[in-house]
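Visitor: task: produce atomic coordinates for the following.
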Amino acid sequence: MASGWANDGAVQDQIDSTVDDAVARARRELPKGESLKECEECGETIPEARRKAIPGVRLCVNCQQKKDSENSAFAGYNRRGSKDSQLR
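Guide: As a prediction, this is how the structure comes out:
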């Protein structure tokens, strides 16, 4: 008998999918290759300590902070929706 409600595992499947998407996005953004000596955005010198600490680093601290704050605006989306939207 169909009740119109999702099965018990559907909510967990949605949560798992959202987490998987976030992990994949984070992995795509990990630095790769040799560290740059100069920031690819502004051209400032990237200190040797930063290059050693973060293999494959491409941005200076200031440019990385700007990028991080821009990326924080995109925090993914809630696949479940709100209870109100489910009741409509």
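
Visitor: now do the contacts for the residue lying closest to Val61 once chain neighbours are set aside.
Guide: With sequence-adjacent residues excluded and distances taken as CB to CB, 6 or more residues apart in numbering, Val61 is closest to Arg50, at 7.0 Å. For glycine as for every other residue, the C-beta is placed from the backbone atoms N, C-alpha and C. Contact analysis of Arg50 by CB atoms under 8 Å, 6 or more residues apart in numbering lists Ser35, Val57, Cys60, Val61.

Visitor: same thing but at 10 Å, please
Guide: Counting by CB atoms under 10 Å, 6 or more residues apart in numbering, Arg50 makes contact with Ser35, Val57, Leu59, Cys60, Val61, Gln64.

Visitor: ok, now Val57?
Guide: 31, 33-37, 39-40, 46-47, 50-51, 64.

Visitor: make it 8 Å
Guide: Contacts of Val57 by CB under 8 Å, 6+ apart are Pro31, Ser35, Leu36, Ile46, Arg50, Arg51.

Visitor: how much space between the fourth one and Ala26?
Guide: So that's Ile46. 21 Å (CB to CB, to the nearest Å).
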